[in-house]
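**Student:** sharing a sequence plus its predicted fold:
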Amino acid sequence: MGMKTILYVLITLSFLNTNSIAQQASSPCSCCDESYQQFDFWIGDWIVKQKGKMAGFNKIVKIENNCVIRENWKSYGSAYTGTSYNFYDKLEKKWKQVWVDNQGTTLLLTGGRVGNQMILSSKEKIDEDGKGVINRITWTNNSDGTVRQLWEQSQDGGITFTPLFDGLYRKRKKP
């Protein structure tokens, strides 16, 4: 499964790059319509807390002519890091995320914007214990400028979900 995931990521990013080059000739900004801006509320340089305690730092930027949102996560108090690539798939009309961390964990999520939330979930996959697992992550754009990220997991086919991470993002203050 690891090689399939890596291959999927490479093909997807290659497609985005090839598609972007072809479209640049026909329009000045291929990814500037509102569909590509639905997740822009997550862009920023953030301090993330969980239950009021430092969890880490996350820098979210737009790259590839505004076609891709890249996340760079660094845990507070540990060496854990990770990166995700988030993009709107105009053919499927869905948002997708590809997550890879320094522990070898990968996550493939698909979904979309509902009101003030971006909700992405995985297909069921078998974990190390042989259990079927579905991951769902919801980012909520709060009116005070913060973002809540709730990562939940289901082991019963998506009937019930258990929270794994409930973080609150606040923009870093500039010195």
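**Tutor:** Sure thing, it's come through.
**Student:** what is the mean pLDDT for stretch 71-87?
**Tutor:** When pLDDT is averaged over stretch 71-87, the result is 97.
**Student:** next, the buried residues of that stretch.
**Tutor:** By neighbour count on 16 or more other CB atoms under 10 Å, the buried set for stretch 71-87 is E71, W73, S75, G82, S84, Y85, N86, F87. C-beta coordinates here come from the backbone N, C-alpha and C atoms, glycine included.
**Student:** likewise stretch 114-134?
**Tutor:** By neighbour count on 16+ other CB under 10 Å, the buried set for stretch 114-134 is Q117, M118, I119, L120, S121, S122, I134.
**Student:** repeat that for stretch 137-149.
**Tutor:** Using 16+ other CB under 10 Å as the test for burial, stretch 137-149 gives I137, T138, W139, T140, N141, V147, Q149.
**Student:** what's the most distant pair in the buried residues of stretch 71-87?
**Tutor:** Pairwise distances across the buried residues of stretch 71-87 peak at 24.4 Å for S75 and F87 (criterion: CB to CB).
**Student:** bridging residues for the residue nearest to L164 when sequence neighbours are not counted?
**Tutor:** Nearest residue to L164 in three dimensions, chain neighbours excluded: W151, at 4.8 Å (CB to CB, 6 or more residues apart in numbering). Bridge pairing for W151 (DSSP bridges) gives the partners I137, F165.
**Student:** go ahead and confirm W151 touches F165.
**Tutor:** Yes. At 4.2 Å, W151 counts as touching F165 under the criterion of CB atoms under 8 Å.
**Student:** more neighbours, the two?
**Tutor:** With neighbours defined as other CB atoms under 10 Å, W151 and F165 compare such that W151 has more, 16 against 13.
**Student:** pull the contacting residues for that one.
**Tutor:** Taking CB atoms under 8 Å, 6 or more residues apart in numbering, we find W151 in contact with N135, R136, I137, P163, L164, F165, D166.
**Student:** can you name the next helix or strand after the helix-or-strand element of the chain with minimal mean pLDDT?
**Tutor:** One helix or strand of the chain scores below all others by mean pLDDT, DSSP states H and E: helix 2-24, with a mean of 51. Per DSSP states H and E, helix 2-24 leads on to strand 44-50 as the next helix or strand towards the C-terminus.
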